[in-house]
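Visitor: Kindly return the folded structure for what I paste below:
(one chain, ligands or ions: 1)
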Amino acid sequence: MASISRDESDYDSSCSSITVPDSSRSWMSNLSFGSRRSSVSVCDSTTTDTSLLSSHKPHKANQAAWEAMRRLRSSKGPVGLDHFRLLRRLGSGDLGNVYLCQIRNPVVGLPQCFYAMKVVDKEALAIRKKLQRAEMEKEILGMLDHPFLPTLYAEFEASHYSCLVMEFCPGGDLYAARQRQPGKRFSISSAKFYAAETLVALEYLHMMGIVYRDLKPENVLVREDGHVMLSDFDLSLKCDVVPELLKRYLDSNDKYAKCSTPSCVAPMQPVLSCFSASNKRNKANVSTITEQVNVQELDPELVAEPINARSKSFVGTHEYLAPEVISGQGHGSAVDWWTLGVFLYEMLYGRTPFKGENNEKTLINILKQPLTFPKIGISSSKEFEEMVKVQDLICKLLVKNPNKRIGSLKGSVEIKRHEFFKSVNWALIRSVRPPEVPRDLHDKMIIRSRSALLPKLSKKERDEPYQIPHHFDYF
Ligand SMILES: Nc1ncnc2c1ncn2[C@@H]1O[C@H](COP(=O)(O)OP(=O)(O)OP(=O)(O)O)[C@@H](O)[C@H]1O
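Guide: The predicted model follows:
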């Protein structure tokens, strides 16, 4: 599904108009344009800080694609468009086109690697007041260094185009992968795998102060090794995180209570939080709880997620929007836990839980309709047990009140500890064999060549807007 854009951008202060993306179910028209769902955004203000761009990607240190780029940079200086050969278009979105590419002159001693290059027409985006969204995406990509998130290998300008060179995912996205499953539904074990990896990626983003806000199967790409990579950060919210040690008490009802007394450890680094008002309010509430109950002190836990972040932007994808985003009451990292619930539901049941006849009805359903689960065939008692657990988790993720939603107090740890994920070895999740491995399919000649995975550029596509200017050599 394509994301809805009620959009100026999140990062514009002028926020007045509504932008309808060129594909998918739009907020304005309620028309259905196909199987993809578009993202919406209507703003609040945030600034960008390009000084955060990082050139260190420790987890890529031994990777040929990273090394090739490093050697290219050291032999030729700053990387530019001339150093790449664009092979074909992989896809396009609201901001630009993404191309498959290779380094033009292979680096001696290294295999020829594929990259994905996102090309954004800055002039066109400036007219559509979406330039800051693209800038924010670039800034966020530059910060990331995680196995389930894209690596930004290089970024440069070419004429009025901004180009981001990222890791290429040949396995397509999870929306397309779901369509290939029997009944267009993933098995519980496959859904658990994809949800677990996505949760780990969201956890990292939150610790970096990033609220993703646009989780949906279309934005979860599959790498060559079958592990996932979250893509598309143009709707993400970047804010300051204040890591804190949460001193925990077990009250008489065995519920955790958060301490707000001076005995709590001070933030690890002084940061200006734009959300201090809501911080104060939350802390005041908790303080009342701890004073009233009989408590037993437990080991403190580090919480480094933007739990108290608040944005009033209308962003996301209709079927995935959290109630607090629709109502405009202000939202924070809990929106990602809501979308994780919708994501799990869609993977298991082949549809989203609150989908209405049109976008408006979908939004009303999200706010008002209780959550229900369709009946699906269960073949074993083990599967039944798993279904009960995953339904319990989905119920806890799809709590309409964000303050009562799982993850709202301590972030991802609460979700990781849920019974459904009990069998997941979080530390070794990268070593688990994924449900589908594109590389294996390739090796078995089911897919005869790597290019079979990729759409070819038709002449019409070549002539479309956002095209790279003619003087760039494609092939
Ligand atoms: N790293 C990648 N590897 C393979 N394909 C990719 C990669 N990144 C993006 N794509 C493809 O390109 C398409 C457009 O990419 P992307 O979603 O980042 O663009 P966008 O302009 O930000 O889109 P949106 O309208 O969702 O904001 C995706 O749907 C996907 O099919």
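
Visitor: Is stretch 165-178 positioned near the ligand?
Guide: Yes. Using C-beta under 6 Å from any ligand atom, stretch 165-178 reaches the ligand at 166, 167, 168, 169, 173. To be clear about C-beta, it is placed using only N, CA and C from the backbone, and glycine gets the same treatment.

Visitor: Please name the nearest non-neighbouring residue to residue 363.
Guide: residue 326 (5.2 Å; C-beta to C-beta, 6 or more residues apart in numbering).

Visitor: Is it correct that that neighbour is in contact with residue 365?
Guide: No. Under the criterion of C-beta atoms under 8 Å, residue 326 is not in contact with residue 365, lying 10.4 Å apart.

Visitor: Low-confidence ranges, the stretch 351-475 of the chain, go.
Guide: 441-475 (pLDDT under 70).

Visitor: Break down it into its helices, ranges please.
Guide: Counting by DSSP state H, counting those that start in this stretch, the stretch 351-475 of the chain has helices at residues 359-368, 381-397, 412-416, 438-443, 459-462.

Visitor: Could you verify that residue 90 is part of a strand?
Guide: Yes. According to DSSP: H, G, I helix; E, B strand; the rest coil, residue 90 belongs to a strand.

Visitor: Roughly how far does it sit from residue 235?
Guide: Using C-beta to C-beta, to the nearest Å, one gets 20 Å for the distance from residue 90 to residue 235.

Visitor: Could you point out the longest helix of this protein?
Guide: helix 188-207 (DSSP state H).

Visitor: and that one, what other elements does it pack with?
Guide: strand 228-230, helix 334-349, helix 381-397, helix 412-416 (3 or more C-beta pairs under 8 Å, 6 or more residues apart in numbering; DSSP states H and E).

Visitor: The third one - contacts with which helices or strands?
Guide: Helix 381-397 makes packing contacts with helix 188-207, helix 334-349 when contacts are defined by 3+ C-beta pairs under 8 Å, 6+ apart.

Visitor: mind redoing it with 10 Å?
Guide: helix 188-207, helix 334-349, helix 412-416 (3 or more C-beta pairs under 10 Å, 6 or more residues apart in numbering; DSSP states H and E).

Visitor: which of the ones you listed sits most buried?
Guide: Mean neighbour count (mean count of other C-beta atoms under 10 Å) peaks for helix 334-349 among those, with a mean of 26.

Visitor: which strands and helices sit next to that helix?
Guide: Using 3+ C-beta pairs under 10 Å, 6+ apart, helix 334-349 sits against helix 174-179, helix 188-207, strand 210-211, strand 316-317, helix 323-327, helix 381-397, helix 412-416.

Visitor: sorry, back to before: could I get the helices and strands packed on helix 381-397 as JSON lines with distance to residue 222?
Guide: Shown next, in JSON lines, are those (distance: least, C-beta to C-beta, whole Å):
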{"stretch": "helix 188-207", "distance to residue 222": "9"}
{"stretch": "helix 334-349", "distance to residue 222": "13"}
{"stretch": "helix 412-416", "distance to residue 222": "22"}
